[in-house]
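Visitor: Show me the folded form of this:
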Amino acid sequence: MKLVSFIHNQTQKIGAVVDDSVVVATGVLDCATDMIRFLTAGPSAQQALQDLISSGQQRLPLNSIKLLSPVPRPGKFLGIGLNYADHIGETGMEKPEYPTFFTKQSSCVIGNGDAIECPSISDKVDYEGELAFVIGKACRHISIEDAASVIAGYTICNDVTVRDWQARSPTWTLGKSFDTHGPLGPWIVTADEIADPHNLNLKTWVDDELRQNANTGAMLFNCYEQIAYLSQAMTLEPGDVITTGTPSGVGVKMKPRGYLKPGQRVRIEIEGIGTLENPVRGPGS
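Guide: Now for the predicted structure:
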């Protein structure tokens, strides 16, 4: 299934995309008031939604709704740095011995089609196309072998980064957390639809220029290893989003620099998931 959060008639709802329509779960399934509650309800909720899809009822044209981030306000929004060898190579940094995680504040999250803002205080706004996964089951101290069982599904992230603000702090948090700098979407493709999350082609375009072209199999620490590592320190909960790092081709390493400018569009495509596309605007526009 392709799980979505969306606005229809000025009301936030969740459901599933089927072809050119959306099956509305909110108001039909008791657990479907928001994505986190739906994911928390577990397999029975997904089966109820699948039954609703099979019924052919509760459908709206896809072009009649406004997509939000599939998890509009995740409890945790975590990213991993330096997780592709080619990206490490272009940065000139050392390969990390352990996964290097940082936090993106959840107030930065936007959905497909929403605008990325270039703030007035920096002209060094960069894109990072990434595979992200969404936790579907609370877990702590989970093994690598069992980690797949806690993933609800996969989505696309643009880990937008303000490079000069990132460099000001070893935690990177401020440079990763500007408002509008966490595009997620367009939906969550449930884990049963992705045969191997570590063999997906990933491409990022700025306007019509292909900037990134990689395969998720090149990650240093795969999705399951990331879950096992994080869950040693904290409880991962339904709706938490972990974004898995970016390959080479980021704007900061281009000559001349390829930072984002108002009027451009960033498009990220991941095989088996879809396309996340966001325009870029100036401050306050």
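Visitor: Only C-alpha atoms from now on, for both contacts and neighbour counts.
Guide: Fine.
Visitor: what residues go with each domain of the protein?
Guide: 2-67, 77-281 (automatic domain parsing).
Visitor: Mean neighbour count and mean pLDDT added to these, as CSV?
Guide: Below are those laid out as CSV (neighbours: other Cα atoms under 10 Å; pLDDT from 0 to 100):
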stretch, mean neighbour count, mean pLDDT
domain 2-67, 17, 97
domain 77-281, 20, 96
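Visitor: Would you check that Tyr259 makes contact with Asp126?
Guide: Yes. Using Cα atoms under 8 Å, Tyr259 is in contact with Asp126, at 5.1 Å.
Visitor: Now the common contact residues for the two.
Guide: Contact criterion Cα atoms under 8 Å, 6 or more residues apart in numbering; residues shared by Tyr259 and Asp126: 251-252.
Visitor: neighbouring contacts of the longest helix that the chain contains?
Guide: Counting by DSSP state H, the longest helix found in the chain is helix 43-55. Under the contact criterion Cα under 8 Å, 6+ apart, helix 43-55 has outside partners 1, 15-16, 18, 23, 25, 29, 31, 38-39, 58.
Visitor: let's see it at 7 Å
Guide: Contact with helix 43-55 is made by 23, 25, 38, as judged by Cα atoms under 7 Å, 6 or more residues apart in numbering.
Visitor: cool, and stretch 96-112?
Guide: By Cα under 7 Å, 6+ apart, stretch 96-112 touches 67-69, 72-74, 77-81, 171-173, 176-186, 221, 276-278.
Visitor: do the same with stretch 183-202
Guide: Under Cα under 7 Å, 6+ apart, the answer for stretch 183-202 is 1-4, 69-70, 109-112, 151-158, 213-217, 269-273, 275-276.
Visitor: show me the residues around the most centrally placed residue in the chain that make contact.
Guide: Nearest to the mean C-alpha position of the chain, by Cα atoms, centre = their mean, lies Cys157 at 3.1 Å. Residues in contact with Cys157 (Cα under 7 Å, 6+ apart) are 129-132, 182-185, 243.
Visitor: mind listing which of the residues you listed are in strands?
Guide: 129-132, 182-185, 243 (DSSP state E).
Visitor: ok, which pair from those is furthest apart?
Guide: Spatially, the most separated pair among the ones in strands among the contacts of Cys157 is Leu131 and Gly182, at 12.8 Å (Cα to Cα).
Visitor: still on that earlier bit, please convert the contacts of helix 43-55 to TSV, extending it with distance to Gly136 and secondary structure.
Guide: Below are the contacts of helix 43-55 laid out as TSV (distance: Cα to Cα, whole Å; DSSP: H, G, I helix; E, B strand; the rest coil):
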residue	distance to Gly136	secondary structure
Val23	20	strand
Ala25	18	coil
Phe38	9	helix
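Visitor: right, and out of the residues you listed, which lies closest to Lys137?
Guide: Nearest member of those to Lys137, counting by Cα to Cα, is Phe38, at 11.1 Å.
Visitor: okay but the closest one is in contact with Ala32, surely?
Guide: Yes. With contacts counted by Cα atoms under 7 Å, Phe38 reaches Ala32, the gap being 5.1 Å.
Visitor: ok, and the closest non-adjacent residue to the residue nearest to the centre of the chain?
Guide: Excluding its sequence neighbours, the residue lying closest to Cys157 (Cα to Cα, 6 or more residues apart in numbering) is Leu184, at 4.7 Å.
Visitor: measure the one you found to Ser106 for me?
Guide: The gap separating Leu184 from Ser106 is 11 Å, by Cα to Cα, to the nearest Å.
Visitor: need the contacts of helix 43-55 in CSV with distance to Ser122, can you?
Guide: Shown next, in CSV, are the contacts of helix 43-55 (distance: Cα to Cα, whole Å):
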residue, distance to Ser122
Val23, 41
Ala25, 41
Phe38, 38
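Visitor: ok, then the element right after the longest helix of the chain?
Guide: Later in the chain than helix 43-55, the nearest helix or strand by DSSP states H and E is strand 59-61.
Visitor: Tell me which strands that next one pairs with, and in which orientation.
Guide: Using DSSP bridges, the strands paired with strand 59-61 are strand 21-24 (antiparallel).
Visitor: Pull the residues that contact the strand it pairs with.
Guide: Contacts of strand 21-24 (Cα under 7 Å, 6+ apart): 14-17, 53, 58-62.
Visitor: which residues of the chain fall in helices?
Guide: Going by DSSP H, the chain shows helices at 35-41, 43-55, 85-91, 163-167, 173-176, 223-230.
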